[in-house]
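Enquirer: need a 3D model of the sequence below.
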Amino acid sequence: EGGGKIAAGFLEAGLVDKACFILAPMIIGGEKAPLAVAGEGFTKLSEAWRLTEVQYKRLGDDLAVIGYLPAKK
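Expert: Model (predicted):
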């Protein structure tokens, strides 16, 4: 809950081993909507971090997606 900039900082510094995203069945949208992860991002999908050992858990109407990030090279 620290915000997209803090999340990006931890990810970019290689300090994250495991991630958990909670998806709710709602659309917020808008240019000023808060981002789960801010930062530089990637220009190609092939460069993006792909979670491994992914688990899905239903939390009422929400869905938790939990997985591990690849080891940094």
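Enquirer: so where's this structure uncertain?
Expert: The model of the chain has pLDDT under 70 over residues 1, 72-73.
Enquirer: all the strands of it, in order from the start?
Expert: 18-23, 52-59, 62-68 (DSSP state E).
Enquirer: can I get those in JSON lines with mean neighbour count?
Expert: Placement of C-beta: from N, CA and C, glycine included. What follows is the strands of the chain, written out as JSON lines (neighbours: other C-beta atoms under 10 Å):
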{"stretch": "strand 18-23", "mean neighbour count": "13"}
{"stretch": "strand 52-59", "mean neighbour count": "10"}
{"stretch": "strand 62-68", "mean neighbour count": "14"}
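Enquirer: just put the ones you listed in a markdown table and tack on distance to G29.
Expert: Formatted as a markdown table, the strands of the chain follow (distance: least, C-beta to C-beta, whole Å):
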| stretch | distance to G29 |
| --- | --- |
| strand 18-23 | 15 |
| strand 52-59 | 22 |
| strand 62-68 | 18 |
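Enquirer: so which of those is nearest A7?
Expert: Closest to A7 of the strands of the chain, according to C-beta to C-beta: strand 18-23, at 8.9 Å.
Enquirer: so which elements touch the closest one?
Expert: strand 62-68 (3 or more C-beta pairs under 8 Å, 6 or more residues apart in numbering; DSSP states H and E).
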